[in-house]
Structures are given as structure tokens and as C-alpha cells.
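> Return atomic coordinates for the entry below.
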Amino acid sequence: MNRFYLAGKLITRTVVLTWLLVLTACHEKLAADHYVAWIQDYDHGLHVKREYADFVFDLQFQPRDFFKLTGTQPAPHSDQGTVMQYYLLRVSCKDPSQDPAKYNVSSASEWQQRLYYYSYLFQKDLFLEENGLKYPCVLFHFEQSDISNTRVFTLGFETPAPGAGVSNILVESEQFGSLPVRIEIVKENIPALKI
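Okay, here's the model as predicted:
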């Protein structure tokens, strides 16, 4: 055989092996405790803090494997070929002594109306934006607590495929200002869970 042919074949195999190593290194499998820490870390794009007006929005994307490790059970996949994407949204005020449910509230009646809004109506003001499409919040839970000045919401969005790349959660509520709040989540290179 021609030595140039053999050298070319060797170079091709080396390049292919190098790319395979690079690709598998980007998708390494993590042990359970490292996986949870990686998902919750603000440096990887799945957990984001965004300040808007007098409020702080802390948004955490929650992959399905994350639920397995935290002991909670996500809703099953739909029979209609759609999947649920889950997020945890924490809303607080920039001033940690303030409660967003009591922000600019002057009476007990207004406070009750705000709690009602957070419990039932806020869901209609939340959207997931992906690939140019806007999806409504179809699963919603408000954790009502009087011991913390942070309000916690569990959100679920039904989409045709598991989201990858960049997604935005839109908060279109006048409770937080006249403009929508856009919170970007980057769902790239999520490691696999080592079982």
C-alpha cells in the first residue's frame, strides 16, 4: 500500500478519535451529589438571578433527573407527544426586609388580594418562550409561607420537545412593573446522571 494512503488514514483516525474524546468529555456523567450541585450552580446557566425594578427573580430549571434525586415526582409525560419542562421561581424584593406580597400594599384587604393573585391569577402571566414560540404555564403551585420574605412558585410548561439551547421565562405582570420581565435560561451541555 501507498505510505501516503496509510498516513492519511492514520491522520483521519486520529482526528475522529480526538473529536470523540472531546464530545464525550462535554457530556460526562456525574454522581448524584455532583449532578445536583452542577444543576443548582449559577455558573452553568440553569439557575439565574435577575433584578428588575425593586424585585429579584431567582429561576431554576429542573431537569427530570433532578426530580429523581430531590425526592419529588414530576408529572408524567403526555400521551400527545409533548413533554413538561419544570422551573422553580423565587421572587423577593431587593430590600430583603420587604415581602413582595406586601410590596406597596396599604391594607389587609389589598394584602389578601395580592395573596389571591399569587395563588391563582399569576399563572396566567407566566410564559415559556422557546424557538420563537410562546407556551403558557400549565402547572402552577404557590408555596404560601409567612416565615420568609421570598415567594416560591413551581412552574410547568408543556412543549412539543425537550428544550435545548436558550429559553426565556416571561413574567408579564403589572405587579412587577409595566414591562415584561424576561429571564434567560441556557440549557446546553447538561451532564448525564451517573446511575
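
> so what secondary structure elements neighbour the helix or strand containing Lys49?
Using DSSP states H and E, Lys49 falls within strand 47-52. Using 3 or more Cβ pairs under 8 Å, 6 or more residues apart in numbering; DSSP states H and E, the elements in contact with strand 47-52 are strand 55-62, strand 181-187. For every residue, glycine as well, the C-beta is placed using N, CA and C.

> Given that strand, what are its sheet partners and their directions?
Within its sheet, strand 47-52 is paired with strand 55-62 (antiparallel), according to DSSP bridges.

> which residues make contact with the strand it pairs with from outside it?
Residues outside strand 55-62 that contact it (Cβ atoms under 8 Å, 6 or more residues apart in numbering): 39-40, 46-51, 74, 85-94, 100, 103, 150, 167, 169, 171, 176, 181, 183, 185, 187.

> re the thing from before, what angle do strand 181-187 and the strand holding Lys49 make with each other?
160 degrees (axes from the mean of the first three to the mean of the last three Cα atoms, to 10 degrees).

> Can I get strand 47-52 in PDB, CA atoms only?
In PDB, the C-alpha atoms belonging to strand 47-52 read as follows (Å, rounded to 0.1, in the frame of the first residue of the first chain):
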ATOM      1  CA  HIS A  47     -30.000  28.800  37.700                       C
ATOM      2  CA  VAL A  48     -30.300  32.500  37.100                       C
ATOM      3  CA  LYS A  49     -30.900  35.600  39.200                       C
ATOM      4  CA  ARG A  50     -32.400  38.700  37.500                       C
ATOM      5  CA  GLU A  51     -33.200  42.000  39.100                       C
ATOM      6  CA  TYR A  52     -36.000  44.100  37.800                       C
END
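
> No further queries at this time; thank you.
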